[in-house]
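> any chance you could fold what I've pasted below:
(2 chains)
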Number of protein chains: 2
Amino acid sequence: MKSQYPIAFAAALLTSAVSAQTFQRLGTCPTLGCVFPPDQADFLAGQFFDVRLEVHAPQNGSEAIGLPPDESFTFTIAKGDEEGVPAAEYFQIDEPKLENWTFSWFEDLFAKDAKTPSVVDVRAKAYRRVALYEAGEYTATLTYNNGSTTKATWLVRDLEEERKTKNIVLFIGDGMTTNMITAARLIGHKTINGKYQSKMQLDQFPVLGHQMTHSIDSFITDSANSASALYTGHKSTVNCLGVYADSSKDPFDDPKVETIAELFHRLTGGHVGIVSTAYIADATPAALTAHTRDRSQYPHVIDSFLNGNTNYTWTNWTGPDVLFGGGAENFYPSALGGETYKDRDYYLEFADKGYQVIWNKTALDAASTSERALGIFTVSNMAKWLDRNVYKTNLNQSLSPSGDETPALDQPGLKEMTLKALEILHERSGDKGFFLMSEAASIDKMMHVLDYDRALGELLELDDTVKATINQLKEWGCDKETLVLVTADHGHGFDVMGSVDTAYLAAQNVDRKKRSAVGTYQNSGLSQYINTGNLTYTDSNFPSNWDPRYTLFQGLMADPDRRETWTVRKHGPREPAVETEEDSDDYVVNPEDGEGGILLNGTLPVSNDQGVHSLTDVPVFAVGPCQEKFGGVYSSIDIFFGMAECFGLARGKAE
Amino acid sequence: MKSQYPIAFAAALLTSAVSAQTFQRLGTCPTLGCVFPPDQADFLAGQFFDVRLEVHAPQNGSEAIGLPPDESFTFTIAKGDEEGVPAAEYFQIDEPKLENWTFSWFEDLFAKDAKTPSVVDVRAKAYRRVALYEAGEYTATLTYNNGSTTKATWLVRDLEEERKTKNIVLFIGDGMTTNMITAARLIGHKTINGKYQSKMQLDQFPVLGHQMTHSIDSFITDSANSASALYTGHKSTVNCLGVYADSSKDPFDDPKVETIAELFHRLTGGHVGIVSTAYIADATPAALTAHTRDRSQYPHVIDSFLNGNTNYTWTNWTGPDVLFGGGAENFYPSALGGETYKDRDYYLEFADKGYQVIWNKTALDAASTSERALGIFTVSNMAKWLDRNVYKTNLNQSLSPSGDETPALDQPGLKEMTLKALEILHERSGDKGFFLMSEAASIDKMMHVLDYDRALGELLELDDTVKATINQLKEWGCDKETLVLVTADHGHGFDVMGSVDTAYLAAQNVDRKKRSAVGTYQNSGLSQYINTGNLTYTDSNFPSNWDPRYTLFQGLMADPDRRETWTVRKHGPREPAVETEEDSDDYVVNPEDGEGGILLNGTLPVSNDQGVHSLTDVPVFAVGPCQEKFGGVYSSIDIFFGMAECFGLARGKAE
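Numbers count the residues shown, from 1 in each chain, chains lettered A, B, ... in the order given. Prediction:
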């Protein structure tokens, strides 16, 4: 019988088979026995999580070893050097039922071209809503296939339970790198002979750190996975919100981990605010309350903001005090063209639970600071700072949050949303304190479409928002009891290499000659965004000219096909590439973008119409209680543990 | 008469005329009256500097106002609110003689194409080797053209004179960015489920900062200018070493500023060491002792290491204890093909002053630690870590430091040079202490030629060197009295966006299909540089496989034409582009580089055969006495002031 193959032989096969890279059978599970949370996971003492076990029986391909699916695997947990205890006994819960499914994958691009998938038969179990309380190292052992084992070393970090801060404000500049901050500073702040005459707020933070953003099973992350790492202390897989990815088809059965918002709310009764310039079901806000391996489950995300996780018994959650952003299409029902959970009207759902429902800046300004508030200001992503302040006719689109297809002309910016959120949280939270996450989402969205001007505008708006926040906290006398963090979730490979004489570029007829318009080193000169023009705004430290003759020679390393003019797009966000024909997945230069520019072939697969995320560590700026925990270089998960320790959320025993 | 034009009219012309960007009449001098050091300059109390004054009379072009050159300009200096005093009186020196010259420039690229230069007639003076001792603000006023003024506000920083550290080791990773550190970590250190199993030494520093690298008159810097900022506290112009750039033809008459090495040596008798993997006359080492607006004055640079500045009375300088690097061609005379100052043999010059002269690693290892040492290990730049350790046959070139055209096979690396330098400085400096600058030069040089593998190898070698340095200091018990700084002088726009299946790329025939080999996000997978292969070295934490099937999808934003395969160049450093014909200044893809790769047109002017520097702030890592001065975000000049204060080099009065 095949099941009698010697163990050593099977083990040898397992180690040699794992060459998958572009595609993986299942991230974090290189062997045929899978434990989630996997080896090297860190936990906050008392943090809820699910355990998922899988045993894989590859039916074909390089990993097939001819064993049938093992249905009698066992799983134990051992604290330190102690003897392993069966998990159900350890967690004092019933032994979960056995599950089974199959899935398929491609071992590499050649297999994909040849349409030869590898099929895997799976047996699985899930232990739901457990926790580890005692600090220290644990060994979780899955035993399967007649004695093969997968061991996971888990660490419950030994953190002080004493609370050190009353409030935390976490700003996330989505996709924001140090390179982008440098560029934004150059266009928004004046230098005289190399000395800046004003400072970005970020440049005034006393503590600077770098965090590593990589995923658990790939070195480039998306915003779902990276937000989950920041909020839960668990790195995961691309597209995951608050779960590890298992191999089942169901996007809601993956093993969950409790988030900072859930922990803070459950353990302290603290108040939570969520603000973003994206559609609010987008990954960075969603990861605070949603638990799914598929970030595009928007209706589920919106429901989770209000009702928490309802698929399984989970944490206590009664909704945030503040939820501000875009994405109206997931609030109104299908009759208006929306898509919501069970086709409900979520404006009504929120109103029924006591939320003020706000649709524009005027109403936001007038809103009560003593009641909870839902502010949804547009369909899709919110308008960019550049369009709200300079190219205002671009707001004339059918994006009203009501769903009536009128324009959403009266949109607030990140600053207005954040300041209102602070007022509500400050008034409502009393001595419980608050946690506010505020995201400048379109730094990322505009870098994706190579619209550097709009991206840098969003970054300057973030800096302006941080400044206003710190000033507000000081005015209230709350700055000593509020930790303010500003960081990002990942980067884009962006930098500035010089200047472009756009008049000279436009006057040339040949691409190779157009390139002479680029000035590097001494020919880069000074920023003409500040030194020319006379635009003024309510807020200071934005360019006085977005359209100077000499612009920045800037860009990304990885692009779709595109044409570069290095000039501001006055008619709205850039669209560098378009499909050759409907649904062809073959993108070429957009004939309506960058007319007269230099034609550049991309390096990304031609199925890409935009840029992608990059590897670089991203900066962390900290001020307030516990600021010293955020200096130096560390993993993204350390942001969670730093915030959790500062809030005093570790629990050495069950309540 | 033209000289009777009303002042207000002339002033109005001056402000409107300054639109120059790609070219400037003279950096830091937008008006027609020039003061160097210019407005906004900061000084260390007691630091020597020269003052240069120029009055410009444009003969044609947009700035011509028909005034003859003013020969009766005056210059005063005022402390705080005090009355201005003529400079010669203030500094108690003779009034310098009037100088005159003309120069020409192009106002923009159109003028350059049309060959219509603008000519400027100049009258000038220079006040040599002066200093300001009292902390506070000064106003330097140049009055010219019948009452026009150029005012410079100068600040002498108020720094403690008490010495806080005995030694400083300053590591410079030339061109090193946070993005590159992230990439090097990925190929040199192993992760398990997203958790690194070893740390870079840089990741273990307690204090992290960012410094802004921009030039005084352009936002992109070169290594001369940026090194000068780090060493003198004065930002300057591209190509300048320890001077502000004036408009005269003479590369040696520009106004100087005293460097950290000169100050430390003059004021404390401290010992200095200089180590680089570049040719040692290159900008980063040169800026410690040379003063010229033209970094390519290599013979002068080598002489300055030994004899200091000899054109004008300057600072006391008697040579470093240690000078290690490449660049033998500026040590042996023209008979052997070298180029030296007055055709002298600088091996003999150094030997005459008591230096051991060392030509290879064997001799370096055996060298005495009680005598001064000159170690020159190759013609040109030193061999790269990758060629010394993996592709060793590439060392077979006619580069012996003797000049005899045999190969330089026995070269040390940055670590061996740095450790020997430390031993010599430690033994010789006694209670005087030492300053060591150690440069990983070829991070920059290999990024310039898009040779990412070699660049990251150099970065890992830097990290390994920093580790060995800290261990050595601890072993001696010197770690508490030695400030260790690691930083860069500028960046390159580099990042990693995913992985490349090089087998799949090579198997495709069409560029657009080759692009499918790129894997982003979840398809980036894990680093195969550590997880495959079995290369081992004396040093840990380098890749175990430099040539895996799945490589990094990495690169620069600004490139010459090139072909990308994203594979290691086994036959030596990369040469991406070549001239279409001799001296054509028209570079196209090198047919011998990247065969089978994706053809990519560049964005840089076609006269570029390599990449260029970028804007991004660069990281600063600090440990030891005064480490707290280096956290947060600041200007590159603050590195100088931080080191100077830590060494206690401010002097409130003349000695």
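> number of nearby residues for residue A:307?
15 (other C-beta atoms under 10 Å in any protein chain shown). In short, each C-beta sits where N, CA and C put it, glycine included.
> which residues does it contact?
By C-beta atoms under 8 Å, 6 or more residues apart in numbering or on different chains, residue A:307 lies in contact with A:317, A:319.
> can you tell me how far it is from residue B:411?
As judged by C-beta to C-beta, to the nearest Å, residue A:307 and residue B:411 stand 67 Å apart.
> likewise for residue A:99?
61 Å.
> more neighbours, these two?
It is residue B:411, of residue A:99 and residue B:411, that has more neighbours when counted by other C-beta under 10 Å, with 24 against 17.
> surely that one and residue B:378 touch.
Yes: Residue B:411 lies in contact with residue B:378 (C-beta atoms under 8 Å); the separation is 5.9 Å.
> is it true that residue A:514 touches residue A:598?
Yes: using C-beta under 8 Å, residue A:514 is in contact with residue A:598, at 5.1 Å.
> start to end distance for stretch A:231-249?
25 Å (C-alpha to C-alpha, to the nearest Å).
> alongside chain B, which residues does the stretch 351-500 of chain A contribute?
Within the stretch 351-500 of chain A, the residues that sit near chain B (C-beta under 8 Å from any C-beta of the partner chain) are A:491-499.
> let's see 10 Å
A:490-500 (C-beta under 10 Å from any C-beta of the partner chain).
> quick check: buried residues in the strand or helix carrying residue A:421?
Assigned by DSSP states H and E, residue A:421 belongs to helix A:414-429. Within helix A:414-429, the residues that count as buried by 16 or more other C-beta atoms under 10 Å in any protein chain shown are A:414-426, A:428-429.
> again, but for stretch A:361-378
A:361, A:363-364, A:367, A:372-378.
> out of the residues you listed, which two sit at the greatest distance?
Pairwise distances across the buried residues of stretch A:361-378 (C-beta to C-beta) peak at 20.7 Å, for the pair A:372 and A:378.
> mind listing what residue A:502 touches?
Contacts for residue A:502 (C-beta atoms under 10 Å, 6 or more residues apart in numbering or on different chains) come out as A:517, A:547-551, A:565-568, A:596-597.
> 8 Å instead, please
Contacts of residue A:502 by C-beta under 8 Å, 6+ apart are A:517, A:549-551, A:565-567.
> dump those to CSV, plus pLDDT.
Listed next are the contacts of residue A:502 as CSV, based on pLDDT from 0 to 100:
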residue, pLDDT
A:517, 95
A:549, 95
A:550, 95
A:551, 95
A:565, 93
A:566, 93
A:567, 92
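> identify the residue of the stretch 1-150 of chain A closest to chain B, quick one.
Nearest to chain B in the stretch 1-150 of chain A, going by C-beta to the nearest C-beta, is residue A:21, at a distance of 3.7 Å.
> in the lengthiest helix in chain A, which residues are buried?
Using DSSP state H, we find that the single longest helix of chain A is helix A:452-476. For helix A:452-476, the neighbour count (16+ other C-beta under 10 Å) marks A:452-470, A:472-473 as buried.
> what angle sits between it and helix A:414-429?
30 degrees (axes from the mean of the first three to the mean of the last three C-alpha atoms, to 10 degrees).
> ok, back up a step: now the residues of the stretch 351-500 of chain A next to chain B: which count as buried?
Counted by 16+ other C-beta under 10 Å, these give A:490-500 as buried.
> okay if I get these as CSV plus secondary structure?
Converted to CSV, these look like this (DSSP: H, G, I helix; E, B strand; the rest coil):
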residue, secondary structure
A:490, coil
A:491, strand
A:492, strand
A:493, coil
A:494, strand
A:495, strand
A:496, strand
A:497, strand
A:498, strand
A:499, strand
A:500, strand
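> would CSV of these with pLDDT be doable?
Shown next, in CSV, are those (pLDDT from 0 to 100):
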residue, pLDDT
A:490, 97
A:491, 97
A:492, 97
A:493, 96
A:494, 96
A:495, 96
A:496, 96
A:497, 96
A:498, 95
A:499, 95
A:500, 95
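> of these, which is the nearest to residue A:603?
Nearest to residue A:603 among these, with distances taken as C-beta to C-beta, is residue A:493, at 10.6 Å.
> spatially central residue in chain A, please.
residue A:223 (2.7 Å; C-alpha atoms, centre = their mean).
> which residues does the nearest residue to residue A:544 once chain neighbours are set aside contact?
Spatial nearest neighbour of residue A:544, chain neighbours left out: residue A:533 (4.5 Å); criterion: C-beta to C-beta, 6 or more residues apart in numbering or on different chains. Residue A:533 sits next to A:543-548 when contact means C-beta under 8 Å, 6+ apart.
> for the stretch 301-450 of chain A, what spans make up the strands?
A:322-326, A:356-358, A:373-376, A:434-440 (DSSP state E, counting those that start in this stretch).
> any stretches of chain A with poor pLDDT?
Applying pLDDT under 70 to chain A flags the ranges A:1-20.
> what residues does the stretch 551-655 of chain A put near chain B?
So the stretch 551-655 of chain A meets chain B at A:553-558, A:564, A:586, A:598-606, A:608, A:612-617, A:619, A:631-635 (C-beta under 8 Å from any C-beta).
> mind listing what's buried in stretch A:333-343?
Quick answer for stretch A:333-343 (16+ other C-beta under 10 Å): A:333, A:338, A:340-341.
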